[in-house]
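> predicted model and sequence follow; I will ask about them next.
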Amino acid sequence: MTEQAPIIRVRNVTKRFGSVTAVDDVSIDIRQGEFFALLGPSGCGKTTLLRMLAGFETTSEGEIEIDGQPMLGVPPNRRPVNMVFQSYAVFPHMTVFDNVAYGLKVTGVGKSEIAERVKEALTLVHLEDFGRRKPDQLSGGQRQRVALARALVKKPKVLLLDEPLSALDAKLREAMRLELVHLQHSVGITFVIVTHDQDEALSMADRAAVMDHGVVRQVAAPATLYEHPNSRFVADFIGKMNLLEAKVAGLSGGRLAIDIEGLERFEVPHDGPASGEIGIAVRPEKTRLSKEQPAAGRLGLKGKVSDVAYYGNESHILLDTDTGVRFTTTIQNETRRSDSSILIGDDLWISWSPEDTLVLSE
């Protein structure tokens, strides 16, 4: 996407609750018109950071700017943002129309303008024919759309979403991911979503900040987070990853020489500094299993199959290598065979290309 000026600037923000530091010296820029994700495990500080953007929590240190204005002392209702909560928080006694209109009514907007803006908002979320229904007459996905329409009707500069899909079943959650992306493109405003779900962030966000214990570990586009993680934590948190400990044997001309137990010294592409002990990683889908020793040019370890997990479209094979390291590989189930060609106890080689090897110094 085209580079845009930041609509949100977070500078050295820290939030403490007593002796607990929930957010620790975070600095990020969120661009105008982008879909941005705050991603990380439970307790990493992502929701606290979102609540500080919304004004529901104050910063212990640091500064937040939204649309060029400092937010220190600005209450939630005066900020150019609106928030969609995990529970949706729709009023059960009100119709869909009145739920969406509520925020406009309390700010004194005229009836004719309310009617026009509510109709526009309900059309955006495909609920134009549901205005007279009550929330208990709606599905979970429809109630979520009501919450979205209620947030969008006030035309905020930024929409904040706190785990908005977590209450939905898996199939509806997947469908709503696409709807949220289409909605964001159609309204053209900045979306900031909090999620612990890597698939959610990878499939929806233009960029994501991966958080761990209150610290932002990496901010990047989904493909960069997946293919070029900057640390062991990000590599292990985003998708599945095989991690190995290694030693640097030399660095020359953009090639890093590496020593790993059970493998002959090999080289991988690397354009940064590296020395001493490092982490080596390879994604399961970039590995291959074979009964014979891999061809020259591929890195290979021998082992025994310890588990086979069937997931419908693919199977995950766990291999305990002779070096004591457990590897995971994935195979596509391309036919309707009910039996597996790989069985627990099989002796196999696992191999991968040096070019698919990640170097992790942190």
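Cool, the structure landed.
> hang on, isn't residue 150 packed against residue 98?
No: using CB atoms under 8 Å as the test, residue 150 is too far from residue 98 to be in contact (10.0 Å). Where C-beta positions appear, they are placed from N, C-alpha and C, glycine not excepted.
> give me the more crowded residue out of those two.
Remark: of residue 150 and residue 98, residue 150 carries more neighbours, 27 against 17, as counted by other CB atoms under 10 Å.
> can you pull the contacts of the residue lying closest to the more buried one once chain neighbours are set aside?
Spatial nearest neighbour of residue 150, chain neighbours left out: residue 100 (4.8 Å); criterion: CB to CB, 6 or more residues apart in numbering. Residue 100 is in contact with 118, 121-122, 146, 149-150, 153, counting by CB atoms under 8 Å, 6 or more residues apart in numbering.
> which of those has the largest number of neighbours?
With neighbours taken as other CB under 10 Å, the top of these is residue 149, carrying 29 neighbours.
> how close does residue 296 get to residue 280?
20 Å (CB to CB, to the nearest Å).
> neighbour count for those two, which is higher?
Taking other CB under 10 Å, residue 296 and residue 280 do not tie; residue 280 has more neighbours (21 against 5).
> just to be sure, that one is in a strand?
Yes: the assignment for residue 280 is a strand, going by DSSP: H, G, I helix; E, B strand; the rest coil.
> show me what the nearest residue to residue 72 once chain neighbours are set aside is bridged to.
The shortest distance from residue 72 to any non-neighbouring residue, by CB to CB, 6+ apart, is to residue 63 (6.9 Å). Residue 63 has these beta-bridge partners by DSSP bridges: residue 11.
> partners of the helix or strand containing residue 159, with directions?
For residue 159, the enclosing helix or strand under DSSP states H and E is strand 158-162. Here strand 158-162 has these sheet partners by DSSP bridges: strand 81-84 (parallel), strand 190-195 (parallel).
> run through who's touching the last one.
For strand 190-195, the surrounding residues in contact (CB under 8 Å, 6+ apart) are 7-8, 30-39, 46-47, 50, 53, 157-165, 180, 184, 200-201, 204-205.
> now, of those residues, which are buried?
7-8, 30-39, 46-47, 50, 53, 158-165, 180, 184, 200-201, 204-205 (16 or more other CB atoms under 10 Å).
> let me know the pLDDT of the residue nearest to residue 240 when sequence neighbours are not counted.
Once flanking residues are discounted, residue 240 sits nearest to residue 284: 5.1 Å by CB to CB, 6+ apart. Per-residue confidence (pLDDT) for residue 284: 94.
> the one 3 residues further on now?
In this prediction, residue 287 carries a pLDDT score of 94.
> wait, it sits on residue 353?
No: here residue 287 does not reach residue 353: they are 9.4 Å apart, not a contact under CB under 8 Å.
> between those two, which is the more surrounded one?
Taking neighbours as other CB under 10 Å, residue 287 and residue 353 compare with residue 287 leading, 24 against 15.
> need phi/psi at the spatially most central residue of the chain.
Taking CA atoms, centre = their mean as the criterion, residue 201 is the residue nearest the geometric centre of the chain, at 2.8 Å. Main-chain dihedrals, residue 201, degrees, to the nearest 10: phi -70, psi -40.
> residue 306 now?
The phi/psi pair for residue 306 (degrees, to the nearest 10) is phi -110, psi -20.
> quick check: buried residues in the longest helix along the chain?
The longest helix of the chain (DSSP state H) is helix 170-187. By 16+ other CB under 10 Å, the buried positions in helix 170-187 come out as 172-173, 176-177, 179-181, 183-184, 187.
> and of the residues you listed, the nearest to residue 276?
Closest approach to residue 276 among those (CB to CB): residue 177, at 41.4 Å.
> pop the domain breakdown of this protein in here.
The chain resolves into domains spanning 6-234, 240-360 when parsed by automatic domain parsing.
> which residue ranges form the strands in the stretch 101-250 of the chain?
For the stretch 101-250 of the chain, the strands defined by DSSP state E, counting those that start in this stretch cover 158-162, 190-195, 207-212, 215-220, 242-252.
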